[in-house]
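>>> After the sequence you'll find the predicted model.
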Amino acid sequence: MIQNLNQINFQRFGNIQPNREKSEESWDIENHFVLNSTESCVPVHLSQGQMQMHVASGKCVLSVSADGEAYQHFYFDKPVCIKNNIYFYLSPFKGDAAVTALSGAETVIVGQQPIHSMRMDQQLRIAGIYTFFYQEREQGFVFPGEEHPMPELTYVDQGELHSVTDGQDILLKAGDIAIFGPNQWHMHYADMGVAPRYVTISFDLEGADISPLLNRKFAAPQQAITLLQQMLQEQERMDGQSTDMIIAHLTALMLLLLRQADTPTGKVRSSNAIHSENEIIRRAQQYIGSHILEKLSVPLVAKMVDVSPSYLTALFHKNLQISPGEYIRRIKLQESKQMIRENSMNFTEIAAALQYSTVHHFSRQFKEKFGITPSEYAKSVR
């Protein structure tokens, strides 16, 4: 990064000259450095005694170091006097330039330095946003799960939300954030009596490793909450600048989370054994979600993931605090809600499609789960 050339910043290497007049020092040697913007390398000099320098034409950058290793770069817009034994090189800023130097002894060329851009470039970049939803869910809802090639951010605005990924259940409370990686399967559900409201954003990100953000939750700092609120406001406004504003706010939010990522709070345990357990649960959940219209049982699902029914039940209780049988029931009943909203089948047909033995069995489980009958639910959504 290029710094401002002032007395405070430059004092380790020399001082700023008020004008180009010769001082009481003896300047026997005059050098002219011509900087060509097409060159790929420039020489590195070591000063022998003090050296007075000023830009004769064009604009350039003065890079200086006390040890020849760590350089500081200055926009060369004032005459300077460099101390003895200082390493320096000159590079063009924009276009060609020339520098005049007065000294008592010749400088020594000690190496070559490749010319590279000193512009501050963006490293983390949000390449685009695919979905940006504010979700208002009913009590006890279940989202069966999905995976997609882009990362996804979830922020809980009100209530509580269970986010399950890689076989682990992470409880997100109001103000918490979780991020799912590309192609990372995940699902959401809420406890009975809890109707969460939350934000989901799927996006493309370049130039950053987000693995430290995965499989954990973050208590969002106020600055992050403000950024999310501003994004929602821009989504409602949607003028010619709103898309760029939303992307800029999301970029700032991701940077905040990456800074916070090295704190231990919310980290999920990682070991080979836990990873194996999580993989079994993930495969079981994916099988259930993709075969929801088939007759499912705990022994069948256990067989499909190559474990015993008792072990699968133990893993579900340990990691999700629910039995696999109850999980199957939740997913089927949640699917029935979608079918009722679509209004393409009657209740008997829905019960049969979901492999219930009778429509009465389906209706009884629906009311036990949601507190209302299928008929009452249908009236509320039509």
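On my side now, so go ahead.
>>> which residues does I246 contact?
Counting by CB atoms under 8 Å, 6 or more residues apart in numbering, I246 makes contact with I129, F132, M231, E234, Q235. (Glycine included, C-beta is placed from N, CA and C.)
>>> Now do R20, the pLDDT please.
For R20, the model assigns a pLDDT of 53.
>>> and Q233, which of the three is it?
Three-state call for Q233 (DSSP: H, G, I helix; E, B strand; the rest coil): helix.
>>> Most neighbours of all the contacts of I246, which one?
The most crowded member of these, judged by other CB atoms under 10 Å, is M231 (22 neighbours).
>>> got a list of what it touches?
So M231 contacts F132, M245, I246, H249, L250 (CB under 8 Å, 6+ apart).
>>> Excluding covalently adjacent residues, which one is nearest to the residue most central in space within the chain?
Residue closest to the average C-alpha location in the chain (CA atoms, centre = their mean): M254, at 4.1 Å. Nearest residue to M254, sequence neighbours excluded (CB to CB, 6 or more residues apart in numbering): L124, at 6.1 Å.
>>> contacting residues around that neighbour?
Here L124 is in contact with L205, E206, G207, A208, T251, M254, L255, L258 (CB under 8 Å, 6+ apart).
>>> residues contacting V164?
V164 is in contact with G145, I170, H186, M187, H188, Y189, Q285, L320, counting by CB under 8 Å, 6+ apart.
>>> Which one of those is nearest to I328?
Q285 (10.2 Å; CB to CB).
>>> all helices of the protein, in order?
Here the chain has its helices, by DSSP state H, at 7-10, 222-237, 242-260, 272-290, 298-304, 309-320, 324-342, 347-353, 359-370, 374-381.
>>> Can you say which of these is nearest to A195?
With distances scored as CB to CB, the stretch of the helices of the chain nearest to A195 is helix 359-370 (11.5 Å).
>>> Can you mark which positions in the closest one are buried?
V359, F362, S363, Q365, F366, K369, F370 (16 or more other CB atoms under 10 Å).
>>> Surely the second one is in contact with Q355?
No. Using CB atoms under 8 Å, F362 makes no contact with Q355, being 9.7 Å away.
>>> Where in the protein is the helix or strand with the lowest mean pLDDT?
When each helix and strand of the chain is scored by mean pLDDT, DSSP states H and E, helix 272-290 comes last, with a mean of 79.
>>> contacts for that one?
Residues outside helix 272-290 that contact it (CB under 8 Å, 6+ apart) are 144-145, 164-168, 185, 187, 296, 301-302, 304-305, 307, 312, 315-316, 318-320, 324, 327-328, 331.
>>> now do stretch 355-364
Around stretch 355-364, the neighbours that count as contacts under CB under 8 Å, 6+ apart are 293-296, 332, 336, 347-348, 350-351, 354, 365, 373-374.
>>> Of those, which is the most crowded?
When the contacts of stretch 355-364 are compared by neighbour count (other CB under 10 Å), S336 ends up highest, at 26 neighbours.
>>> Distance-wise, check L293 relative to M339.
10 Å (CB to CB, to the nearest Å).
>>> Between these two, which contacts overlap?
With CB under 8 Å, 6+ apart, L293 and M339 have common neighbours A353, L354.
>>> about what we covered before: out of the contacts of L124, who has the most neighbours?
Within the contacts of L124, neighbour counts (other CB under 10 Å) peak at M254, which reaches 23 neighbours.
>>> In JSON lines: the contacts of stretch 355-364, plus distance to L5 and pLDDT.
As requested, the contacts of stretch 355-364 are arranged in JSON lines below (distance: CB to CB, whole Å; pLDDT from 0 to 100):
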{"residue": "L293", "distance to L5": "71", "pLDDT": "93"}
{"residue": "E294", "distance to L5": "73", "pLDDT": "94"}
{"residue": "K295", "distance to L5": "77", "pLDDT": "93"}
{"residue": "L296", "distance to L5": "72", "pLDDT": "94"}
{"residue": "K332", "distance to L5": "71", "pLDDT": "92"}
{"residue": "S336", "distance to L5": "71", "pLDDT": "93"}
{"residue": "F347", "distance to L5": "79", "pLDDT": "95"}
{"residue": "T348", "distance to L5": "82", "pLDDT": "95"}
{"residue": "I350", "distance to L5": "75", "pLDDT": "95"}
{"residue": "A351", "distance to L5": "79", "pLDDT": "95"}
{"residue": "L354", "distance to L5": "74", "pLDDT": "95"}
{"residue": "Q365", "distance to L5": "75", "pLDDT": "92"}
{"residue": "T373", "distance to L5": "78", "pLDDT": "93"}
{"residue": "P374", "distance to L5": "76", "pLDDT": "93"}
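>>> what's the farthest-apart pair in these?
Greatest spacing in the contacts of stretch 355-364, by CB to CB: E294 and T373 (25.2 Å).
>>> Low-confidence bits of the stretch 151-300 of the chain, can you list those?
263-275 (pLDDT under 70).
>>> repeat that for 80
Counting by pLDDT under 80, the stretch 151-300 of the chain has low-confidence residues at 166-167, 262-278.
>>> need the contact list for the nearest residue to L62 once chain neighbours are set aside.
Nearest in space to L62, with sequence neighbours left out and distances taken as CB to CB, 6+ apart, is F76 at 4.2 Å. By CB under 8 Å, 6+ apart, the contact set of F76 is L5, M53, V55, K59, C60, V61, L62, L90, F93, V99.
>>> My guess is the first one contacts D77. True?
Read that as L5. Yes. Counting by CB under 8 Å, L5 sits close enough to D77 to count as a contact (6.1 Å).
>>> These two: which is more packed in?
It is L5, of L5 and D77, that has more neighbours when counted by other CB under 10 Å, with 18 against 13.
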